[in-house]
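Engineer: need coordinates for the following:
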Amino acid sequence: MSSKMMPDAPEQDSYQSPFGQEMAPSELRADEPRLARMIGMISLGMVVVGIAVLLFNARGPRLFGSIWGYIFVPVGVAGLLYHAARDGDLQVRRTYGMLGGFVPIAVALAVSLLPFGGGIGTLFLPVGAPALVLGLLFLLPFARHEDDPFWQRAVGGTLVGLGVVLAAVGFIGGNISIEFLLTYGLVLTLIGLFYLWAAIATLGGSSTDRGYRLALLVGLVGGGGFFVAALVRSLLPLFGASTRYFVPGGLLLMGVSLLYIGLAVSICLESRFIVLVRRELSAYFYSPVAYLVLFGMTTVGYLSYALFSLSLLEDMAQNQSIREPIVVNFIVDFFPVMSVIFVVPVLTMRLLSEEKRSGTLEVMLTAPVDEVTVALSKFFASLVFFLFLWVPWGLFLVALRIEGGRPFDYRPLLSFGVVLVCTSSAMLSIGLFFSSLTRSQIGAAVLTFMAMIGLLLLYFLQRVVGPGSTWQTVFSQITFVDQWIQSLLGKLYLRSVIVQLSITVFFLFLTVKTLEARKWS
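Structural biologist: A predicted model of the protein is given here:
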């Protein structure tokens, strides 16, 4: 057969790219966190300037007062924490881990165990406790970014060891002495809980054997054991003992023990509800917004504490009598109330609106979970984080007890704790409902903010309508400000609790029905 009758064979590799010969893919490198590094440099400068201002003002008043140092240092530390969380470079993470994590912990142990300031443990609350918290905050991003097994074991061992020691000293000392519990023990147990929580997360949580066993140990020993010990000690007056222990020692220890048990249950159990709650809490703690909110609430608490302390000092200087309970003037003020009005929309605006916008809500509801489980998990996660924001306020009251040198009436705080849980549940359920109505986080935040302003206006309206009116009774039961005041005066009414819980159930019901309405759209 002639070659002319044969079809031409296709040429191999005849295509030439106009951009040259294709090569193997180049090495992939993560983008450098330039913004985080810029914030870190600025924050480091603010910390240095703030410390310099405080040192210079220690010898006398200067051009820049001490107030600027107290502002620059915490703002700079917050910026350094943001840089540590965002930048995983080898040198950066180990610098923050050593200087920001291990050094503050070493300083805290030194000032707490050595006789500085007149005795052992005298500087624990003003210096040691903040240093322990600061070291933990810097160790968390270090443990997250570090991939060297040696440093991973070092961080994990430090967190576990300190958590066990702090919890044991707080619980055992609190069972021995109520005075120790009210001054040091409660702070030790809470900081120990945070260290153990961080250690469990570092070990992998319930997905690893070590994390699961540590969580189980925390629940059995740290929670159950000390709960039983505090309960038995509280029942001793029934058998002839003369000392009352239940209020406040037994009650506080049992409450903290329940926190340890709750941590273990949330990690060890794998029910759908608990898994979704852990998912939402992780979304909070892995978001920079959560730490900004925590920093903001702590700053507001510090300002309120400073103004409150100054007012007490002025009354003492003028030999004026201070009426109990004094805690009502610390918590119910302009700054705390306005901070809550802004915090609730920030915490709830993304709960369901972001799920709708990104389409993950449909994916979630195709799993074996129903609308009730989804709504309740998001509600409880926001409630836990909201109550967590109030922990620094309790520590400021401990500092007030130490600096004042005399006890104050703390029992209204027990009734306030109950009312805070109920009113917070009502406010967060309202925010969750508005978040289920729209795909826009901004829209959900605006609606929730308007609802919070409405609750605040009810407090002023019930004063306008006058006492004895039906509307005055209704408004006083709905607004959270009036409930806070009554509880801090030592008054806890069952009807107020029922009203706030009814509001919570009503808006959770509306949220569930809003989620179910998608089936008919």
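
Engineer: all helices of the stretch 201-350 of the chain, in order?
Structural biologist: Ranges of helices within the stretch 201-350 of the chain are 209-217, 226-235, 251-268, 272-285, 288-317, 327-331, 334-348, based on DSSP state H, counting those that start in this stretch.

Engineer: out of these, which is closest to residue 82?
Structural biologist: helix 288-317 (6.2 Å; CB to CB). In short, each C-beta sits where N, CA and C put it, glycine included.

Engineer: how about that closest one: buried residues?
Structural biologist: 290-291, 293-301, 304-305, 308-309, 312 (16 or more other CB atoms under 10 Å).

Engineer: ok so, going back, in JSON lines: the helices of the stretch 201-350 of the chain, plus mean pLDDT and distance to residue 393.
Structural biologist: Formatted as JSON lines, the helices of the stretch 201-350 of the chain follow (pLDDT from 0 to 100; distance: least, CB to CB, whole Å):
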{"stretch": "helix 209-217", "mean pLDDT": "90", "distance to residue 393": "28"}
{"stretch": "helix 226-235", "mean pLDDT": "82", "distance to residue 393": "24"}
{"stretch": "helix 251-268", "mean pLDDT": "87", "distance to residue 393": "16"}
{"stretch": "helix 272-285", "mean pLDDT": "85", "distance to residue 393": "19"}
{"stretch": "helix 288-317", "mean pLDDT": "80", "distance to residue 393": "5"}
{"stretch": "helix 327-331", "mean pLDDT": "83", "distance to residue 393": "7"}
{"stretch": "helix 334-348", "mean pLDDT": "90", "distance to residue 393": "8"}
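
Engineer: want to throw those into CSV with distance to residue 109?
Structural biologist: Shown next, in CSV, are the helices of the stretch 201-350 of the chain (distance: least, CB to CB, whole Å):
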stretch, distance to residue 109
helix 209-217, 22
helix 226-235, 23
helix 251-268, 22
helix 272-285, 26
helix 288-317, 23
helix 327-331, 31
helix 334-348, 33
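
Engineer: so which of these is nearest residue 175?
Structural biologist: In terms of CB to CB, the element of the helices of the stretch 201-350 of the chain nearest to residue 175 is helix 226-235, at 5.9 Å.

Engineer: and the closest one, what's buried?
Structural biologist: Neighbour counts over helix 226-235 (16+ other CB under 10 Å) mark 226, 227, 229, 230, 233, 234 as buried.

Engineer: how about these in TSV, adding distance to residue 330?
Structural biologist: Putting these into TSV (distance: CB to CB, whole Å) gives the following:
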residue	distance to residue 330
226	29
227	30
229	32
230	27
233	30
234	28
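
Engineer: buried set for the helix or strand harbouring residue 111?
Structural biologist: If you go by DSSP states H and E, residue 111 is part of helix 103-113. By neighbour count on 16+ other CB under 10 Å, the buried set for helix 103-113 is 104, 105, 107, 108, 109, 111, 112.

Engineer: ok, these vs residue 439, which is closest?
Structural biologist: Using CB to CB, the buried residues of helix 103-113 come closest to residue 439 at residue 104, 42.9 Å.

Engineer: surely that closest one meets residue 129?
Structural biologist: No. If you go by CB atoms under 8 Å, residue 104 and residue 129 don't touch, sitting 10.9 Å apart.

Engineer: which residues does the residue nearest to residue 413 when sequence neighbours are not counted contact?
Structural biologist: Of all residues not flanking residue 413 in the chain, residue 327 sits nearest, at 6.2 Å (CB to CB, 6 or more residues apart in numbering). The contact partners of residue 327, taken as CB atoms under 8 Å, 6 or more residues apart in numbering, are 397, 408, 409, 410, 412, 413, 416, 488.

Engineer: what does stretch 50-68 rub up against?
Structural biologist: 69, 70, 71, 72, 73, 76.

Engineer: which ones among those lie within helices?
Structural biologist: 69, 70, 71, 72, 73, 76 (DSSP state H).

Engineer: care to break the protein down by domain?
Structural biologist: Structural domains annotated on the chain: 148-269, 275-311+322-521, as defined by automatic domain parsing.

Engineer: output the below-cut-off pLDDT ranges for the stretch 301-450 of the chain.
Structural biologist: For the stretch 301-450 of the chain, the stretches flagged by pLDDT under 70 are 320-322, 401-407.

Engineer: and which of the buried residues of helix 288-317 is nearest to residue 154?
Structural biologist: Of these, the one sitting nearest to residue 154 (CB to CB) turns out to be residue 291, at 24.1 Å.

Engineer: give me the buried positions along the strand or helix carrying residue 502.
Structural biologist: Take DSSP H and E as the rule and residue 502 turns out to sit in helix 494-516. By neighbour count on 16+ other CB under 10 Å, the buried set for helix 494-516 is 496-497, 499-500, 503-504, 507-508, 510-512, 514-515.

Engineer: I'd like the average pLDDT over it.
Structural biologist: Confidence for helix 494-516, expressed as mean pLDDT, is 93.

Engineer: other SSEs contacting it?
Structural biologist: helix 371-388, helix 412-435, helix 470-478, helix 480-488 (3 or more CB pairs under 8 Å, 6 or more residues apart in numbering; DSSP states H and E).

Engineer: would you mind putting these into TSV with mean neighbour count and distance to residue 187 alongside?
Structural biologist: What follows is those, written out as TSV (neighbours: other CB atoms under 10 Å; distance: least, CB to CB, whole Å):
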stretch	mean neighbour count	distance to residue 187
helix 371-388	20	15
helix 412-435	23	15
helix 470-478	16	35
helix 480-488	22	22
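
Engineer: export these to TSV and tack on distance to residue 342?
Structural biologist: TSV is the format used below for those (distance: least, CB to CB, whole Å):
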stretch	distance to residue 342
helix 371-388	12
helix 412-435	12
helix 470-478	20
helix 480-488	14
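
Engineer: can you tell me the closest non-neighbouring residue to the residue most central in space within the chain?
Structural biologist: The residue lying closest to the centre of the chain (CA atoms, centre = their mean) is residue 388, at 3.8 Å. In space, not counting the residues next to it along the chain, residue 388 is nearest to residue 294; the distance is 7.8 Å by CB to CB, 6+ apart.

Engineer: tell me which element residue 61 is part of?
Structural biologist: Assigned by DSSP H and E, residue 61 falls within no helix or strand.

Engineer: on that earlier part again, hang on, the residue nearest to residue 388 packs against residue 389?
Structural biologist: Yes. Residue 294 is within contact range of residue 389, at 6.0 Å (criterion: CB under 8 Å).

Engineer: circling back to that earlier point, which strands or helices does the helix holding residue 111 pack on?
Structural biologist: Packing partners of helix 103-113 (3+ CB pairs under 8 Å, 6+ apart): helix 129-145.
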